[in-house]
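Chemist: from the sequence below, what's the structure:
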Amino acid sequence: MKDAIQRVEPESAATVDTREEILTAKEVAQDIEASRSWVYAHADELGGYRVGRRL
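Modeler: Okay, the predicted model is just below:
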């Protein structure tokens with residue numbers, strides 16, 4: 001059973017910089033005056049990341 005557990009080292013773990021504000025796709029779309037679908041389509045370019053099913 002121990003072999004099935006994967007260890008995640010701190011330097012490889014995903015982190016969120018809590019000093020930065022996290023915006024929803026809707027908020028980004030309003031800020032840049034674009035559609036929400038455009039924000040989703042260009043999420044990688046905008047530095048977006050997914051949390052579950054949400055962007």
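
Chemist: so which strand or helix has residue 38?
Modeler: helix 36-41 (DSSP states H and E).

Chemist: so which bits of that helix are buried?
Modeler: Going by neighbour count (16 or more other C-beta atoms under 10 Å), the buried part of helix 36-41 is residue 39. Bear in mind the C-beta positions are built from the backbone N, C-alpha and C, glycine included.

Chemist: restrict that helix to CA atoms and write it as CSV.
Modeler: The C-alpha coordinates for helix 36-41 follow below in CSV (Å, rounded to 0.1, in the frame of the first residue of the first chain):
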residue,chain,number,x,y,z
ARG,A,36,-16.0,35.6,-20.9
SER,A,37,-15.6,33.1,-23.7
TRP,A,38,-12.6,35.0,-25.1
VAL,A,39,-11.1,34.9,-21.6
TYR,A,40,-11.5,31.1,-21.5
ALA,A,41,-10.1,30.8,-25.0
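
Chemist: following that helix, which helix or strand comes up?
Modeler: Next in sequence after helix 36-41, counting helices and strands by DSSP H and E, comes helix 43-46.

Chemist: list the buried ones in the lowest-mean-pLDDT helix or strand in the chain?
Modeler: The helix or strand of the chain with the lowest confidence, counting by mean pLDDT, DSSP states H and E, is helix 43-46 at a mean of 91. For helix 43-46, a neighbour-count test (16+ other C-beta under 10 Å) marks residue 46 as buried.

Chemist: from the contact counts, what lies against it?
Modeler: Here helix 43-46 touches no other helix or strand, going by 3 or more C-beta pairs under 8 Å, 6 or more residues apart in numbering; DSSP states H and E.
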